[in-house]
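# Here is a sequence together with a model predicted from it:
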Amino acid sequence: MKKILLMSVSMLTALVISGAVMASPEEDRAIFQKYFKERFPAVPTEEFANGVYSIDPVGRENWEAIEEFPPYETFIDAGQEMWEKPFANGKTYKDCFPDGPAIAGKYPHWDKKKGSVITLPMALNACLKANGEKPLKYKKGPINNILSYIAYESRGQVTNVVIPKDDPRAMEAYEMGKKFYFTKRGQLNFSCANCHLQNAGMRLRTEILSPALGHTTHFPVYRSKWGTVGSLHRRFTGCNKQVRAKPFKAHGEEYRNLEYFLTYQSNGLELNGPGARK
């Protein structure tokens, strides 16, 4: 069985990053999700939105107990205050986002005018700049408060990343994110796929490696290790450091494209952030 799974992930990797026959994003996602359904046949697809707790029954019990008194509640409250507090010019975030705070499902998205992937933190900072305010730091601090509030208000929205077919630059960004995901890096020579595709469900020291499917649904997350809430790009940074690779800039092109690719693979799963993890 183990050999069959290893062959499956090898085939998956070859199909996804093959330069000879370019798979479409739809084909990538079908392969990606099929792999996890076959690897964890007892796990309903929608459960993958719960990350590692979809495949770890013991950890799930502890997680469900923690969720009775979520450690991220104070961050949600602080984020709501930020959303409602007027800027110096009297405007608020609502003037930039008239549909209200339930906007997480709209990101990341392709901005044709800018010719790049736009993430939610980037959009929030663009709002601040447009109103004469100082932008927030991306990985730590208050930005995680407002992201927590937005994530909470957006619960139940379905992941639906779109790769526009009329703009080849969008496909290029997606392909760059895909290449990043499957490229080995660092002194340990690991790719994202090595841990979260090939070895998903296996134990690394005391932790079970989480499946890539659903990875983006529950951010930002409160991690006991951090003692606070952190963003997806902070997690990307941590993963790069763990394989002894130099991290990239948060919300720089590399991580934006990675988020674009990875979030697309979870299309169809509900958002349930903010989350709580070890």
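That came through fine.
# Now do the phi/psi pair for Val158.
As for Val158, its main-chain torsions (degrees, to the nearest 10) stand at phi -100, psi 130.
# OK, contacts around it?
105, 267-271 (CB atoms under 8 Å, 6 or more residues apart in numbering). For the C-beta atoms, the positions are set from N, CA and C on the backbone; glycine is no exception.
# could I get those residues as TSV with pLDDT and neighbour count?
Converted to TSV, the contacts of Val158 look like this (pLDDT from 0 to 100; neighbours: other CB atoms under 10 Å):
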residue	pLDDT	neighbour count
Gly105	97	17
Asn267	98	16
Gly268	97	15
Leu269	98	24
Glu270	98	17
Leu271	98	21
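# nearest to Pro220, of those residues?
Checking those against Pro220 with CB to CB, the nearest one is Leu271 at 11.6 Å.
# which residues touch that closest one?
Leu271 sits in contact with 49, 104-105, 151, 154-159, 217-218, where contact means CB under 8 Å, 6+ apart.
# List buried residues within the residues you listed.
Burial by neighbour count, 16 or more other CB atoms under 10 Å: within the contacts of Leu271 this picks out 49, 104-105, 151, 154-155, 157, 159, 217-218.
# which of the residues you listed lies closest to Asp28?
Closest approach between the buried ones among the contacts of Leu271 and Asp28, by CB to CB: Thr159, at 14.7 Å.
# related to what we said a few turns ago, narrow the contacts of Leu271 to those in helices?
Ala151 (DSSP state H).
# which element follows the helix or strand bottoming out on mean pLDDT in the chain toward the C-terminus?
Within the chain, no helix or strand scores below helix 2-17, which has a mean of 50 by mean pLDDT, DSSP states H and E. Note on helix 2-17: by DSSP states H and E, the next helix or strand toward the C-terminus is helix 25-39.
# Alpha carbons only: can I get that following helix in PDB?
Only the C-alpha atoms of helix 25-39 are listed here, as PDB (Å, rounded to 0.1, in the frame of the first residue of the first chain):
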ATOM      1  CA  PRO A  25      -5.600  24.400 -13.300                       C
ATOM      2  CA  GLU A  26      -8.900  22.300 -13.400                       C
ATOM      3  CA  GLU A  27      -6.900  19.200 -14.100                       C
ATOM      4  CA  ASP A  28      -4.400  20.000 -11.400                       C
ATOM      5  CA  ARG A  29      -7.200  20.400  -8.800                       C
ATOM      6  CA  ALA A  30      -8.900  17.200  -9.900                       C
ATOM      7  CA  ILE A  31      -5.600  15.300  -9.500                       C
ATOM      8  CA  PHE A  32      -4.800  17.000  -6.200                       C
ATOM      9  CA  GLN A  33      -8.200  16.400  -4.600                       C
ATOM     10  CA  LYS A  34      -8.400  12.800  -5.900                       C
ATOM     11  CA  TYR A  35      -5.100  12.000  -4.400                       C
ATOM     12  CA  PHE A  36      -6.200  13.000  -0.900                       C
ATOM     13  CA  LYS A  37      -9.600  11.200  -1.300                       C
ATOM     14  CA  GLU A  38      -7.800   8.000  -2.100                       C
ATOM     15  CA  ARG A  39      -5.100   8.400   0.600                       C
END
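# Check which residues of it are buried.
25, 28-29, 31-33, 35-36, 39.
# now do stretch 120-129
120-125, 127-128.
# From Val243, how far out is Ser191?
From Ser191 across to Val243, the span is 8 Å (CB to CB, to the nearest Å).
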